[in-house]
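**Student:** Pasting the sequence and the predicted coordinates here, then a few questions.
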Amino acid sequence: MSRPPLPPFNAETAVQKVRMAEDAWNTRDPARVALAYTPDSRWRNRAEFFHGRPAIEAFLARKWQRELDYRLIKEVWAFTGDRIAVRFAYEWHDDSGYWYRSHGNEQWEFDGEGLMRRREASINDVRIAEGDRLFHWPLGPRPAEHAGLTELGL
């Protein structure tokens, strides 16, 4: 299965790949998101280490059961060959109604078919007041006209 754009990445294809990932994650559909990764993809997410699509799907299902009304923005930080570095922020609330903005960075490595074979993510959560939220689009992919991280001052 091929997932264009394929490496080696340039400025245009790196941005396209990142936006495609952002859009998929904003669906909050673990099975759909997992298809972007190799069957044996290796992940580090915060302090969790796991590999393989079933583990990715299980992780994402747990994540989105806890992180409610999740909205994500990703931005290319750097790219070269088969790797892309991304910075991101997402907003969500817990089941008690407390809002958070999670800030992080990821390093991605792709195979020749454009599937991610490795993902390393570091993330920090900051509790915010509901009035301080910046991501106000309806659930699902971010509208094209909505500001990105840089424009929002993040």
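**Tutor:** Ah, there it is.

**Student:** contacting residues for the nearest residue to residue 15 once chain neighbours are set aside?
**Tutor:** Spatial nearest neighbour of residue 15, chain neighbours left out: residue 76 (5.5 Å); criterion: CB to CB, 6 or more residues apart in numbering. Where you see a C-beta, it was placed from the backbone N, CA and C, and this is true even at glycine. Under the criterion of CB atoms under 8 Å, 6 or more residues apart in numbering, the contact list for residue 76 reads 11, 14-15, 18, 84-86.

**Student:** And the helix or strand hosting residue 124, what's buried?
**Tutor:** Under the criterion of DSSP states H and E, residue 124 resides in strand 116-128. For strand 116-128, burial by neighbour count (16 or more other CB atoms under 10 Å) applies to 116-119, 121.

**Student:** before we move on, which element is residue 33 in?
**Tutor:** In this structure, residue 33 sits in helix 30-34 according to DSSP H and E.

**Student:** quick one on the thing from earlier: specify the beta-bridge partners of the residue nearest to residue 15.
**Tutor:** Note on residue 76: beta-bridge partners residue 86, judged by DSSP bridges.

**Student:** tell me the phi and psi of residue 40?
**Tutor:** With angles defined as degrees, to the nearest 10, residue 40 sits at phi -110, psi 30.

**Student:** so it makes contact with residue 51?
**Tutor:** Yes. Between residue 40 and residue 51 there is a contact under CB atoms under 8 Å: 5.9 Å.
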